[in-house]
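**Student:** Provided below for reference: sequence and predicted model.
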Amino acid sequence: MRSVLHLCLSVFICGSIGAVSIRAHAQPYPNKPVRMIVISAPGGSTDILSRTLGHTMTEALGQNIVLDNKPGGGGIIATETLAKAPPDGYTILMSNTSHSVLPSLHKKLPYDPIKDFAPVSLVALTHSLLLVNPTLPVKSVKDLIDLARAQPGKLNYASGTTGASAHFGAELLKLMAKVIIVQVPYKGTAGQLTALIANEVQMSFVTMPSALPHVQAGRLRAIAIGSPRRSPSLPDLPTVAESGLPGFDVGAWNGILAPAGTPATIIAKLNAAIVKMTNDPVAKEHASSQGAELISNTPQEFTVYIKAQIARFAQVVKATGMRAD
């Protein structure tokens, strides 16, 4: 009789544990907070977009989106962290244009920019402003080029992280205008802007959401748009391409990546949360006022976009001779 009771008790306990395990496994995603690694330091346009998206995704998914800024290495540190994360949807990355540039700047990366990631969606395309310190006697791209030619090697530019639009934009301008301007790297957009305002450097390309408040306050002067078309926020400001360098384009992108192998059902839920933000009229208007265009696409479309961007930047990196190692 006792052995029968022991057998029944064992079956009950095992069955209960099994039921708990099945219920835990069957809980819908997400059932705990999601970590969003941010590729840049606080204060930049990528960080600003991350906070906006994090708020929307928290509401859409019913779980907190916890931001984790990991600047450094031009984006390599944050991107490698994601590549090594479990593919369970609880670690994602707010990436940016540097993901397209890094493969051309480095002989070897600690990850494969295509194979190690599951693209979720674009989030935004952002205008880039060519800024100068107000004490610099230039009000146009032509003025800047003329000054740089008259004083080769005397002007400095803040580059921000390696391969980001600030670095890429200045090197492309130097190549196309055939001028010598010295690179001075800073850690993140905030450091870049601080240096420019303090006149430690004379010029820089900065994405509009971060730069616009300083332009409006008179702390910095915008002389051109780095993107191929004008911004509704500054409709009278010409593009660099219009200002004597046709074909110039340093428009920036932001998008969400997950680790390779993340289940398609989870990718679809994350994508739907992003689409909700990019289609929200209030969010779109707010982003537009700061020079960013909210835009989403399918995971498949984003994959194609990333591959095309890597190929485009490879051509320019080769032409400029840019290297990070």
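**Tutor:** Sure thing, it's come through. Quantities reported herein were computed from a predicted structural model and do not represent experimental measurements.
**Student:** Assumed A268 was part of a helix.
**Tutor:** Yes - counting by DSSP: H, G, I helix; E, B strand; the rest coil, A268 is part of a helix.
**Student:** What ranges does this protein have for its helices?
**Tutor:** Assigned by DSSP state H, the chain shows helices spanning 2-26, 45-61, 76-83, 98-105, 141-150, 165-177, 188-197, 208-216, 264-278, 281-289, 299-320.
**Student:** Put together JSON lines for these, with distance to Y157 and mean neighbour count on each row.
**Tutor:** To be clear about C-beta, it is placed using only N, CA and C from the backbone, and glycine gets the same treatment. Shown next, in JSON lines, are these (distance: least, C-beta to C-beta, whole Å; neighbours: other C-beta atoms under 10 Å):
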{"stretch": "helix 2-26", "distance to Y157": "53", "mean neighbour count": "9"}
{"stretch": "helix 45-61", "distance to Y157": "18", "mean neighbour count": "21"}
{"stretch": "helix 76-83", "distance to Y157": "22", "mean neighbour count": "20"}
{"stretch": "helix 98-105", "distance to Y157": "17", "mean neighbour count": "24"}
{"stretch": "helix 141-150", "distance to Y157": "10", "mean neighbour count": "18"}
{"stretch": "helix 165-177", "distance to Y157": "4", "mean neighbour count": "24"}
{"stretch": "helix 188-197", "distance to Y157": "9", "mean neighbour count": "22"}
{"stretch": "helix 208-216", "distance to Y157": "14", "mean neighbour count": "21"}
{"stretch": "helix 264-278", "distance to Y157": "32", "mean neighbour count": "18"}
{"stretch": "helix 281-289", "distance to Y157": "27", "mean neighbour count": "14"}
{"stretch": "helix 299-320", "distance to Y157": "14", "mean neighbour count": "15"}
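**Student:** With distance to D116 and mean pLDDT as new columns, can those be given to me in CSV?
**Tutor:** Listed next are the helices of the chain as CSV, based on distance: least, C-beta to C-beta, whole Å; pLDDT from 0 to 100:
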stretch, distance to D116, mean pLDDT
helix 2-26, 26, 48
helix 45-61, 20, 91
helix 76-83, 4, 97
helix 98-105, 11, 90
helix 141-150, 39, 98
helix 165-177, 23, 89
helix 188-197, 24, 90
helix 208-216, 29, 90
helix 264-278, 15, 96
helix 281-289, 29, 86
helix 299-320, 12, 90
